[in-house]
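A.B. asks: For reference, the sequence and a predicted model appear below.
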Amino acid sequence: MIEVKDPKIAAPIVLFAGLLWSFGALTIRYMEDPHLVPWQYIFTRGLTIFVLLNLYLYFTEGKTFYKNYYRIGSSGLIGSSGLAVAMICFIYSITNTSAAVTLLCLAAMPFFTALLAFLFLGEKITLNVWISIFIATLGLIIIAFDNTEETTLMGLIFGIFASIGFSVYSVTLRWRIATPKFTTVAFAGMFCFVFAGVMISANDMSFFSTSHNSLLFSLHGTLVCLGLIFYSIGSKAIPAAELTLLSLTEVIGGIFWVWLPWFGINEVPSTNTIIGGFFLLISITYYSLVMKWHKRYIALN
């Protein structure tokens, strides 16, 4: 795997990873009635992630890459399950509310991660982090006030559960550092397409949607994989604080693409979403500055 040790080179690479992820919301908005084919989406996207990551591991580690699955352990199984839940909840969130609400829920992930690490790993939460969590909570409450209708409220709830699912995955990375990270993500993709396959069969549905939708399902899975690869390359040279800020490109970019009239979506965030998002931005910036003092480095593999 490519090693990048210079932060000046790593930062643009991580920014590019976030930029790739940010097109996920736009990709979903181009789908034909994605709310009617969520399981087909989950099936195709999960299969794409599983295949592409295993091909990447094969080309970087050789024929013995499959041995990583023997080392996945309980932490990997829990982490991949959390990630799979996040992937499933994401599509139900973004098809029931605005892209801005879904993405801003994902922006709260560092705080859910801190809380879960506190509860299950015994990691201490400093006063400054509690302040960040409080500000982020205010932001989510403000957003919730603008999502009181049943469908949009469900979108908000699924968005929060997606964020928690990603946080579970992040906490398992801290629990057992030796767990092969890419293999865990590939396993999450397998969980998605197997579970979706069962749901499709049980409800006597077709495994595939239209050719247009199937192409976009696979495209989204490809964006996830490519972003993950670039993120892992750059993450080893950047402290966790900077990574938190750099990953905001996914949230900001995702909201911007679906709003920009050039792409034909023109989904304008509501006033409450903008205000709540501003609170989340303040909390993440404050959290990142606090973390910067500790200079903790994290990486995906």
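C.D. replies: On my side now, so go ahead.
A.B. asks: so where do the helices sit in the stretch 201-301 of the chain?
C.D. replies: Taking DSSP state H, counting those that start in this stretch as the test, the helices found in the stretch 201-301 of the chain are 211-235, 240-246, 248-259, 271-294.
A.B. asks: Including distance to F118, mean pLDDT and mean neighbour count, could those go into TSV?
C.D. replies: The way it works is simple: take the backbone N, C-alpha and C, and place the C-beta from them, glycine included. TSV is the format used below for those (distance: least, Cβ to Cβ, whole Å; pLDDT from 0 to 100; neighbours: other Cβ atoms under 10 Å):
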stretch	distance to F118	mean pLDDT	mean neighbour count
helix 211-235	23	89	20
helix 240-246	16	59	21
helix 248-259	23	86	21
helix 271-294	14	78	18
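A.B. asks: between these, which one is nearest to S80?
C.D. replies: Closest of the helices of the stretch 201-301 of the chain to S80 is helix 211-235, at 13.4 Å (criterion: Cβ to Cβ).
A.B. asks: For the closest one, which helices and strands make contact with it?
C.D. replies: When contacts are defined as 3 or more Cβ pairs under 8 Å, 6 or more residues apart in numbering; DSSP states H and E, helix 211-235 sits against helix 7-29, helix 38-61, helix 181-202.
A.B. asks: can you do 10 Å?
C.D. replies: For helix 211-235, the elements it packs on are helix 7-29, helix 38-61, helix 73-94, helix 181-202, helix 240-246, judged by 3 or more Cβ pairs under 10 Å, 6 or more residues apart in numbering; DSSP states H and E.
A.B. asks: Which of those helices sits closest to F161?
C.D. replies: helix 73-94 (4.5 Å).
A.B. asks: could you give the angle of the closest one to helix 211-235?
C.D. replies: 130 degrees (axes from the mean of the first three to the mean of the last three Cα atoms, to 10 degrees).
A.B. asks: Could you pull out the buried residues of helix 73-94?
C.D. replies: Buried residues in helix 73-94, counting neighbours by 16 or more other Cβ atoms under 10 Å, are found at 73, 75-76, 78-94.
A.B. asks: Does the residue nearest the centre of the chain fall in a helix, a strand, or a coil region?
C.D. replies: Closest residue to the average C-alpha location of the chain: F166 at 6.1 Å, with Cα atoms, centre = their mean. Three-state assignment for F166 (DSSP: H, G, I helix; E, B strand; the rest coil): helix.
A.B. asks: Tell me the predicted confidence for it.
C.D. replies: F166 is assigned a predicted lDDT (pLDDT) of 87.
A.B. asks: now the closest residue to it other than its chain neighbours: how far from G165?
C.D. replies: Nearest residue to F166, sequence neighbours excluded (Cβ to Cβ, 6 or more residues apart in numbering): A86, at 4.6 Å. Per Cβ to Cβ, to the nearest Å, A86 is found 3 Å from G165.
A.B. asks: so who does F90 touch?
C.D. replies: 24-25, 28, 41-42, 45, 102-103, 105-106, 158-159, 161-163, 165-166, 220 (Cβ atoms under 10 Å, 6 or more residues apart in numbering).
A.B. asks: how far away is it from I133?
C.D. replies: 22 Å.
A.B. asks: before we move on, what about T179?
C.D. replies: 26 Å.
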